[in-house]
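Asks: Quick check, what structure comes out for this input:
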Amino acid sequence: MPADPYIRYIELFVGRTDDFAIPFVEGVWIRAREPVTTERVRAALTHVASPMSFYIVDPLGLVRCPTIDFDTDGAGVRKARAAARWLRDRGVVALIEPSRNRRAHLIVSLDAAVQASVAHRFLIATLDGAGIDRVKVEVFPKKGHAPELGQVGSCLRGPLMTNPKNGSSYPLLSATMRPLGDTFEETMAAIVPASAERVIELAGLEPEPEDVPVRETPEHILRFNFAYGASEVLRQLWDKPEAEPGRSLRCPAHDDVHPSLSIFPDDRRVLCWAPDCLLNNNGRGRDAWDLFLLAPMPEDAR
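Replies: All right, here's what the predicted structure looks like:
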């Protein structure tokens, strides 16, 4: 175990060490495009600098800290506790970080990195096994592969970091809801990483890909998608003036807290990473034509 608790923090909770994110406006984080260092982490945790949000998947597609965000007012902590107990009964140590309005993060720090696909399946298996519905629940990583070239994937505010929305920070709790320590140093020393081997077992095998029949896209849809990019439809019909190709933003189709909607760099498609969202579409996303058809009706037309 490293003597420096800030080095241990990075080892436990930071997936990608060559970049991180900082708060920009409420609910939006932007890339710092700088490496994660112990000095930066110390400054953020001691409130000298802005809080940091870390990218879950490293450039090789590996994950060290799978996390579930229970973004449900009043019930997040209860759901996180149920998931932590379910994992504890199966030999996996999980941490609970409560947040404002009794929301919570469930954090599983591993003793070795696993493939993003394994981490994603493990989190879904945890929710299903604990009998937790996925309404307003997000898993990190949101997808099961390495980020595209030039992309960094999803980020999540680091444990013990200040929540920019209310200026508060929260302790890490065990499955029995007891704080791991009274100080940062005690907390870091008390964390025992979960077994990556056990997580792989719980994740199960990769499902066989389904045979999806190939369908030709009608000519009028092809012409529409060629003439109008997805970002333009979002700007004009979904009231998202910040929409641009390759950007992530808060999804207008559900009550989104973290920027969950990704616009593909070629501007041909969008994908919301919330599984139950209209713009997820069973992981296929939506093209410009779909966005046009699904756009909310203007108030004066109702």
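Asks: CA only for contacts and neighbour counts going forward, please
Replies: Fine.
Asks: Ile107 and Pro66 touch, don't they?
Replies: Yes. Counting by CA atoms under 8 Å, Pro66 is a contact partner of Ile107 at 6.3 Å.
Asks: Compare these two and say which is more crowded by neighbours.
Replies: Higher neighbour count among Ile107 and Pro66: Pro66, with 27 against 22, using other CA atoms under 10 Å.
Asks: I'd like the distance between the more buried one and Phe24.
Replies: Pro66 sits 24 Å away from Phe24, going by CA to CA, to the nearest Å.
Asks: any idea where the helices of the chain begin and end?
Replies: 5-13, 38-45, 76-88, 116-129, 184-190, 196-203, 219-227, 230-237, 288-294 (DSSP state H).
Asks: Tell me which other helices or strands the last one touches.
Replies: Based on contacts counted as 3 or more CA pairs under 8 Å, 6 or more residues apart in numbering; DSSP states H and E, the elements that helix 288-294 packs against are helix 219-227, helix 230-237.
Asks: can you list the weak-confidence ranges in this protein?
Replies: 1-2, 146, 149-150, 208-215, 298-302 (pLDDT under 70).
Asks: domains for this structure, by residue range?
Replies: As assigned by automatic domain parsing, the chain contains the domains 5-203, 219-301.
Asks: how long is the longest one end to end?
Replies: Start and end residues of domain 5-203 are separated by 30 Å (CA to CA).
Asks: Then stretch 134-154?
Replies: Start-to-end span of stretch 134-154 (CA to CA) is 18 Å.
Asks: mind listing what Gly181 touches?
Replies: Shown in contact with Gly181 (CA atoms under 8 Å, 6 or more residues apart in numbering): 187, 190.
Asks: Mind doing that once more with 10 Å?
Replies: Applying CA atoms under 10 Å, 6 or more residues apart in numbering to Gly181 gives the contacts 171-173, 187-191.
Asks: ranking the residues you listed by neighbours, who comes first?
Replies: If you rank these by neighbour count (other CA under 10 Å), Leu172 sits at the top with 23 neighbours.
Asks: Quick check: it touching Pro179?
Replies: Yes. Between Leu172 and Pro179 there is a contact at 5.8 Å, judged by CA atoms under 10 Å.
Asks: count of neighbours near Thr67?
Replies: Neighbours of Thr67 (other CA under 10 Å): 25.
Asks: Please name the bridge partners of the closest residue to it other than its chain neighbours.
Replies: In this structure, Thr67 finds its nearest non-sequential neighbour in Ile107, 4.6 Å apart by CA to CA, 6 or more residues apart in numbering. Under DSSP bridges, the beta-bridge partners of Ile107 are Thr67, Leu95.
Asks: was I right about Ile107 contacting Leu156?
Replies: No. Under the criterion of CA under 10 Å, Ile107 is not in contact with Leu156, lying 11.0 Å apart.
Asks: which residues do those two both contact?
Replies: 67-69, 140.
Asks: Can I have the buried ones of those residues as a ChimeraX selection?
Replies: Remark: buried members of those, expressed as a ChimeraX selection using 16 or more other CA atoms under 10 Å:
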select :67,68,69,140
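Asks: what's the most distant pair in the shared contacts of Ile107 and Leu156?
Replies: The span of those, defined through CA to CA, is set by Asp69 and Phe140 at 7.8 Å.
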